[in-house]
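Enquirer: Can you look at this prediction? I've put the sequence above it.
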Amino acid sequence: MTRIVDTGRSVLRQALERVGRGWSRMQERRPLSSDLLESDDAYLVVFDAPGVSGEDVDVTFLDRTVEVRLDRFRDFYDGFDVVFPGRGLTLSGTAELPADADVTPHGANATLTRNGTLRVEIPKDGAAESVDVIEEGEGGEESETDDDA
(Lines give C-alpha, C1' and ligand atoms only; values in the text may rest on other atoms or scores of the structure.)
Protein backbone atom coordinates (compact mmCIF):
# COMPACT_ATOMS: atom_id res chain seq x y z
CA MET A 1 0.00 0.00 0.00
CA THR A 2 2.84 2.42 0.89
CA ARG A 3 4.50 1.71 -2.46
CA ILE A 4 1.30 2.62 -4.33
CA VAL A 5 0.97 5.90 -2.41
CA ASP A 6 4.65 6.75 -3.05
CA THR A 7 4.22 5.98 -6.76
CA GLY A 8 1.10 8.15 -6.88
CA ARG A 9 2.93 11.06 -5.25
CA SER A 10 5.84 10.67 -7.65
CA VAL A 11 3.51 10.71 -10.68
CA LEU A 12 1.66 13.74 -9.29
CA ARG A 13 4.93 15.60 -8.63
CA GLN A 14 6.16 14.91 -12.19
CA ALA A 15 2.85 16.11 -13.62
CA LEU A 16 2.97 19.31 -11.55
CA GLU A 17 6.56 19.96 -12.64
CA ARG A 18 5.60 19.61 -16.32
CA VAL A 19 2.57 21.87 -15.92
CA GLY A 20 4.65 24.41 -13.99
CA ARG A 21 7.39 24.48 -16.61
CA GLY A 22 4.76 24.96 -19.33
CA TRP A 23 3.19 27.82 -17.38
CA SER A 24 6.64 29.37 -16.89
CA ARG A 25 7.33 29.23 -20.65
CA MET A 26 3.95 30.85 -21.35
CA GLN A 27 4.87 33.73 -19.02
CA GLU A 28 8.18 34.17 -20.81
CA ARG A 29 6.45 34.42 -24.21
CA ARG A 30 3.83 36.92 -23.03
CA PRO A 31 5.11 40.52 -23.23
CA LEU A 32 5.50 42.54 -20.05
CA SER A 33 2.65 44.92 -19.30
CA SER A 34 3.50 48.57 -19.81
CA ASP A 35 2.03 52.07 -19.82
CA LEU A 36 3.19 54.92 -22.06
CA LEU A 37 2.88 58.44 -20.67
CA GLU A 38 3.88 61.81 -22.16
CA SER A 39 4.73 65.19 -20.66
CA ASP A 40 5.85 68.39 -22.33
CA ASP A 41 9.50 67.37 -22.18
CA ALA A 42 9.64 63.54 -21.98
CA TYR A 43 8.01 60.17 -22.53
CA LEU A 44 7.70 57.74 -19.64
CA VAL A 45 7.28 54.00 -20.15
CA VAL A 46 6.33 52.02 -17.04
CA PHE A 47 6.81 48.23 -17.01
CA ASP A 48 5.91 45.66 -14.38
CA ALA A 49 9.27 44.14 -13.39
CA PRO A 50 8.62 41.70 -10.56
CA GLY A 51 11.47 39.94 -8.79
CA VAL A 52 14.49 41.54 -10.50
CA SER A 53 17.41 43.70 -9.44
CA GLY A 54 19.13 46.47 -11.40
CA GLU A 55 21.93 44.32 -12.80
CA ASP A 56 19.32 41.91 -14.22
CA VAL A 57 17.63 44.59 -16.35
CA ASP A 58 18.56 45.33 -19.96
CA VAL A 59 16.95 48.40 -21.54
CA THR A 60 17.56 49.34 -25.17
CA PHE A 61 16.12 52.05 -27.37
CA LEU A 62 15.98 51.70 -31.14
CA ASP A 63 13.82 53.51 -33.70
CA ARG A 64 11.37 54.93 -31.14
CA THR A 65 10.98 51.50 -29.50
CA VAL A 66 11.90 50.81 -25.87
CA GLU A 67 12.89 47.17 -25.38
CA VAL A 68 13.24 45.63 -21.93
CA ARG A 69 14.61 42.24 -20.92
CA LEU A 70 14.51 41.04 -17.33
CA ASP A 71 16.37 38.03 -15.97
CA ARG A 72 15.23 36.91 -12.55
CA PHE A 73 16.19 34.01 -10.35
CA ARG A 74 14.40 31.71 -7.97
CA ASP A 75 15.42 31.83 -4.34
CA PHE A 76 16.28 28.50 -2.77
CA TYR A 77 14.76 27.55 0.55
CA ASP A 78 16.46 25.01 2.82
CA GLY A 79 14.41 21.86 3.16
CA PHE A 80 12.09 22.66 0.22
CA ASP A 81 12.03 21.38 -3.36
CA VAL A 82 10.34 23.12 -6.28
CA VAL A 83 7.14 21.25 -7.13
CA PHE A 84 5.48 23.79 -9.42
CA PRO A 85 8.05 26.02 -11.19
CA GLY A 86 5.42 28.46 -12.44
CA ARG A 87 7.29 31.79 -12.67
CA GLY A 88 9.04 32.74 -15.88
CA LEU A 89 12.71 33.60 -15.39
CA THR A 90 13.33 35.64 -18.55
CA LEU A 91 10.72 38.28 -19.27
CA SER A 92 10.68 40.91 -21.99
CA GLY A 93 8.52 43.65 -23.40
CA THR A 94 8.51 46.54 -25.82
CA ALA A 95 6.78 49.89 -26.05
CA GLU A 96 6.64 52.01 -29.18
CA LEU A 97 6.69 55.75 -28.93
CA PRO A 98 4.39 57.68 -31.30
CA ALA A 99 5.57 58.00 -34.92
CA ASP A 100 6.06 61.75 -34.49
CA ALA A 101 8.16 61.39 -31.31
CA ASP A 102 11.40 63.37 -31.69
CA VAL A 103 13.64 61.60 -29.17
CA THR A 104 16.99 59.87 -28.84
CA PRO A 105 18.27 58.09 -25.73
CA HIS A 106 20.58 60.92 -24.58
CA GLY A 107 19.71 61.68 -20.99
CA ALA A 108 17.34 58.73 -20.78
CA ASN A 109 17.21 56.83 -17.52
CA ALA A 110 15.52 53.77 -16.15
CA THR A 111 14.53 53.48 -12.49
CA LEU A 112 13.75 50.14 -10.90
CA THR A 113 11.65 50.58 -7.77
CA ARG A 114 11.70 48.26 -4.78
CA ASN A 115 8.11 47.23 -5.49
CA GLY A 116 9.01 45.85 -8.95
CA THR A 117 8.20 48.71 -11.32
CA LEU A 118 10.62 49.79 -14.05
CA ARG A 119 10.25 53.40 -15.21
CA VAL A 120 12.04 54.39 -18.43
CA GLU A 121 12.09 58.13 -19.05
CA ILE A 122 13.20 59.42 -22.45
CA PRO A 123 13.59 63.18 -22.86
CA LYS A 124 12.31 64.79 -26.02
CA ASP A 125 14.97 66.19 -28.39
CA GLY A 126 17.91 64.21 -26.84
CA ALA A 127 21.02 62.78 -28.56
CA ALA A 128 23.10 59.86 -27.12
CA GLU A 129 23.42 56.09 -27.06
CA SER A 130 22.78 54.61 -23.63
CA VAL A 131 20.14 54.24 -20.97
CA ASP A 132 21.21 54.26 -17.33
CA VAL A 133 19.42 51.89 -14.94
CA ILE A 134 18.94 53.25 -11.43
CA GLU A 135 17.85 50.95 -8.64
CA GLU A 136 16.09 52.41 -5.64
CA GLY A 137 17.78 51.30 -2.44
CA GLU A 138 16.66 51.23 1.15
CA GLY A 139 15.12 54.50 2.28
CA GLY A 140 14.53 55.69 -1.30
CA GLU A 141 18.17 56.45 -2.17
CA GLU A 142 19.22 55.49 -5.67
CA SER A 143 22.22 53.60 -6.97
CA GLU A 144 23.17 53.72 -10.62
CA THR A 145 24.35 51.06 -13.06
CA ASP A 146 25.33 51.70 -16.67
CA ASP A 147 23.48 49.74 -19.34
CA ASP A 148 24.35 50.01 -23.03
CA ALA A 149 21.58 50.71 -25.51
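Expert: Received, thanks. All of these numbers come straight from a predicted model, not from anything done at the bench. Numbers count the residues shown, from 1 in each chain.
Enquirer: Can you spell out which residues form a bridge with the residue nearest to Ser53 when sequence neighbours are not counted?
Expert: Distance criterion Cβ to Cβ, 6 or more residues apart in numbering; nearest residue to Ser53, sequence neighbours excluded, is Glu135 at 6.5 Å. Yep, even glycine has a C-beta here, placed from its N, CA and C like the rest. On the basis of DSSP bridges, Glu135 is bridged to Leu112, Ser143.
Enquirer: And Val45, by the same measure?
Expert: Leu36, Val120.
Enquirer: about what we covered before: how near is the residue nearest to Ser53 to Val57?
Expert: The gap separating Glu135 from Val57 is 8 Å, by Cβ to Cβ, to the nearest Å.
Enquirer: Find the residues that touch each one of these two.
Expert: Overlap of the contact sets of Glu135 and Val57 (by Cβ atoms under 8 Å, 6 or more residues apart in numbering) consists of Leu112.
Enquirer: just to revisit the earlier point, could you check how far the residue nearest to Ser53 is from Arg72?
Expert: From Glu135 over to Arg72 (counting by Cβ to Cβ), the distance is 14 Å.
Enquirer: and if you look at Val52?
Expert: Counting by Cβ to Cβ, the separation of Val52 from Arg72 is 5 Å.
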